[in-house]
Each structure stands twice: as C-alpha cells, then as structure tokens.
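Novice: what's the 3D shape of this:
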Amino acid sequence: MKDLRIFATATFGVESVVAREIKHLGYEDTHTDNGRVYFNGDFEALCRANLWLRCAERVFVLIGEFDAVTFDELFEGTKALPWEDWLPKDAEFPVTGGCVKSTLMSVSDCQSIIKKAIVERLKKVYKLEVFPETGPKYRIDFNILKDHVTISIDSSGSGLHKRGYRSLGYAAPIKETLASAILMISRWTPGRHLIDPFCGSGTIPIEAALMAMNKAPGLDRDFDCMEWPNIPKEVWYRALNEARDLIKPVNDIYIHGYDINPEAISMANYHAKQAGVANCLHLQTRDVRDLSSKAKYGFIVTNPPYGQRIGEKRENARLYQDMGKVFSKLSTWSYYIINADPEFEKHFGRKADKNRKLFNGGLLCYLYQYFGPKPPKEEIKLDKS
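Specialist: I've put the predicted structure just below:
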C-alpha cells in the first residue's frame, strides 16, 4: 500500500469535528491548518475517508508543496513532482485553485503554468506530445498562501455533502455536512429523542438516522478516485463491504421531523426513502407553536428561518419569541439552534450556555447551545411517547 499524505477540507468552525471523525476511523496523526485536517494513510484510508466522513467537504491527496515567488519557480516546482505516479496517459486533469497574500496572485496564470508543467513532466514519461484527456478525472487543486504552494488531487469529485438522496429542491436547505456537524457537536446519541421542528426537506433528521444506523454517508454515491487505475479495485471492494457490514438494524430510534409546510414534509418523506431511512423517522406537518413531547432528556437540533429583509426580520423575531416559550416547557431537553440573527438570544428570551461560529452557505451564523440536565442512569432508556 502506498503511503499518502491525505487531508479533508472543512468549513470554518467544523475542523475539530472532522478531526474527531478521522481519529474515530483509526487515523491518529491528525493536524489542522487553514480549514484542512491532515493525516497519513494508504489507499484504503483514502477510500474509507470518502465513504465515512460526514462533516468534511472533500478529501484530497497532497502531491507536494514548495515555495514560489515567480512563475518560473511555480513551473519548476510543479514539474518536479511525481505526476506519473498518479496520472495515466489518458487522464483528464483540470486545474483549479486560489492565491492568498502571495506574490503570485493571478489565479488564471497559475492554473495555466501548473497545467503546462504537468504536461511537460508527462511528455518525458509517456513519450507523447498531445494528451487526449479522455480517461479518469484527476482534479488538480493548488493553493498559494503567503508564497507557499501546495498542490493536491481531489479524490472525491462532487462535494461530500452530495450523499445522493436529496434530489428535490427546497428553499434554503442546510448542507448535509453541516447538519451532521451540528448533530456531532450536540453529542446526541441514538436512543435519545431528537426533534427538528423546522426540518424542511428533511436533512437534519435524515443525517441523524444515517448516524443511528451507522450507515456510511458515501455508500450510495460514486467518487472520482473509484476510477483511478493506481488504486486496486479490491481496496474499494473491501472498504464498501466493510461499510455495508457495519450498518446497524433499526432499533429504538426516536427521530422526529416537523415543518409547517406540507410540501416540505412530502419532500422529506421522499428523501428519507431515497436515503433508506424512512422506517427510522417520524415526519409530520406541524407548527412549532404546537410542539410538545412526553419524553424527557431529548434534543432539539434545528435550523429555523432567518431572512435578512426587514419584514422577515420582524416575523422571525416573533417566531423566536414563540420558540422560547414552547421550548421552555421541555425543561429537561437540550437545544441546538443555528441562526444568523445576532439578536436571536434576545428574542428567544434566554442566553445560550455556549455558542459557536459557523457558516451556512457562506452566511455567518452561530450555533446557540442550550444544555439540558443529564438524565439519571435509570432514565436513560426512554419511553416511546
């Protein structure tokens, strides 16, 4: 197996959660830097990371890094990397990237130079002048930060938030990766009641059900690196079989999704079926003002509306006031609410025990965390009401 330097990208505020996931997979040597969580592994680690990481955005293989302040240095540094170890003669290899606080700031020029450098390296190896780029895709990514260049290959292809189940569009959906991160931050565990009273098209309840079943979030989709000839097919077969074998039977899972919009609930039901978790969920049209539960020590994890226009702000302020009144009746519950309104706590009527800065679709939000009491040991096994 080849020794690789791998990194998973994460949105701001989620890096530590991704690092925790990677360690849970068995890779201890993690290092976080600029929205990336690095670890060492082999081809199997690359496959398993793509299949199992719930909160990461993508998984990359680091090909090399060097300093460059001129285009000549960028060209020579790129050309010196062992591209023939990765790219077959028919590889399709688009180049994308970014430059931050660096002497070289033209992204388009850097793209062109890196592409030319890779071609020059491969010309000597494959004895070709023209490369057809009709084969498997290797998305080359570069990042130049303060004149330090890192070049990697995106192994994921489509972002990891694209699980394959959410095919119907709905207004302002939360990304699957962020939903999973919030669930992990909450420390909710299967067997404890979970309610999302603003479930929309079902992302938070579905992600919770996937976690409860221990179903790998990438099990129902493809990745670019599945087609890479240098990764033996048996490595993928092992990773996929492991993921299938680790799925747990549905048992004592109490996950509820509510929304005032019946169209949203219809979408949520459809997406739950697509994800294979419909039998784990209770989805229902319900106004948050009618929320109640006989269960104790449960969790509310939710993404309520937070429109930015004046009328929306006023309407949402009233909604948050009503939420505060309704949630307070669930005195033993914990609440985890992601919101972009800086006055949310004021409207909700209670200051959060803790908050955490997160970004939802590029919008600065806070995860307001309200901690309920820990259940007595004899009450951990909850009733089914």
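
Novice: and residue 186, what does it touch?
Specialist: By Cβ atoms under 8 Å, 6 or more residues apart in numbering, the residues touching residue 186 are 299, 301, 334, 336, 369. (Glycine included, C-beta is placed from N, CA and C.)

Novice: Relative to residue 278, which of those is nearest.
Specialist: Lowest distance from residue 278 to the contacts of residue 186 (Cβ to Cβ) belongs to residue 301, with 19.4 Å.

Novice: burial of that closest one, as a residue count?
Specialist: By other Cβ atoms under 10 Å, 26 other residues sit near residue 301.

Novice: My guess is residue 220 contacts residue 167. True?
Specialist: No - taking Cβ atoms under 8 Å as the definition, residue 220 is not a contact partner of residue 167, at 11.7 Å.

Novice: So between these two, which is more surrounded?
Specialist: With other Cβ under 10 Å as the criterion, residue 220 and residue 167 differ in neighbour count, and residue 220 comes out ahead with 13 against 10.

Novice: Identify the residue nearest that one in space, chain neighbours excluded?
Specialist: In this structure, residue 220 finds its nearest non-sequential neighbour in residue 164, 4.4 Å apart by Cβ to Cβ, 6 or more residues apart in numbering.

Novice: what about the one you found, distance to residue 128?
Specialist: 36 Å (Cβ to Cβ, to the nearest Å).

Novice: what do you get for residue 262?
Specialist: When Cβ to Cβ is applied, the distance between residue 262 and residue 128 equals 59 Å.

Novice: Those two: which has the busier surroundings?
Specialist: When residue 262 and residue 128 are compared on other Cβ under 10 Å, the one with more neighbours turns out to be residue 128, at 13 against 10.

Novice: neighbours around the closest residue to the more buried one other than its chain neighbours, how many?
Specialist: Counting by Cβ to Cβ, 6+ apart, residue 89 is the residue found nearest to residue 128 once chain neighbours are left out, at 6.3 Å. Residue 89 has 14 neighbouring residues, counting by other Cβ under 10 Å.

Novice: now do residue 64
Specialist: When neighbours are counted by other Cβ under 10 Å, residue 64 registers 15.

Novice: Can you give me the domain assignment for this protein?
Specialist: Residue ranges for the structural domains of the chain, counted by automatic domain parsing, are given in the record as 4-154, 176-215+245-379.

Novice: Do me a favour and get the end-to-end distance for the shortest one?
Specialist: Looking back up the chat, that one is domain 4-154. In domain 4-154, first residue to last residue: 13 Å (Cα to Cα, to the nearest Å).

Novice: buried set for stretch 32-40?
Specialist: Residues of stretch 32-40 classed as buried by neighbour count (16 or more other Cβ atoms under 10 Å): 35, 36, 37, 38, 39.

Novice: ok, back up a step: residue contacts, the residue nearest to residue 128?
Specialist: For residue 89, the residues meeting the contact criterion (Cβ under 8 Å, 6+ apart) are 122, 126, 128, 131, 135.

Novice: May I ask you to confirm that it belongs to a strand?
Specialist: No - assignment of residue 89 by DSSP: H, G, I helix; E, B strand; the rest coil gives coil, placing it outside any strand.

Novice: And it, how far from residue 289?
Specialist: The spacing between residue 89 and residue 289, counted by Cβ to Cβ, is 64 Å.

Novice: now swap in residue 218 and tell me
Specialist: Distance, residue 218 to residue 289, by Cβ to Cβ: 38 Å.

Novice: for residue 147, same thing?
Specialist: From residue 147 over to residue 289 (counting by Cβ to Cβ), the distance is 56 Å.

Novice: Which elements pack onto the helix or strand encompassing residue 40?
Specialist: When secondary structure is defined using DSSP states H and E, the element that contains residue 40 is strand 36-41. Strand 36-41 is packed against strand 4-9, helix 15-24, strand 31-33, with contacts defined by 3 or more Cβ pairs under 8 Å, 6 or more residues apart in numbering; DSSP states H and E.

Novice: now do 7 Å
Specialist: For strand 36-41, the contact count by 3 or more Cβ pairs under 7 Å, 6 or more residues apart in numbering; DSSP states H and E identifies strand 4-9, helix 15-24 as packing neighbours.

Novice: contacts for the helix or strand just after it?
Specialist: Of the helices and strands lying after strand 36-41 in sequence (DSSP H and E), the nearest is helix 43-52. Residues from elsewhere that reach helix 43-52 (Cβ atoms under 7 Å, 6 or more residues apart in numbering): 1-2, 4, 6, 8, 25, 27, 59, 61, 155-156, 216, 218-219, 223, 225, 231, 235-236, 238-239, 243.

Novice: Of those, select the buried ones using a PyMOL command.
Specialist: Buried residues among those (16+ other Cβ under 10 Å), as a PyMOL selection:
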select buried, resi 4+6+8+27+59+61+155+156+216+218+219+223+225+231+235+236+239+243
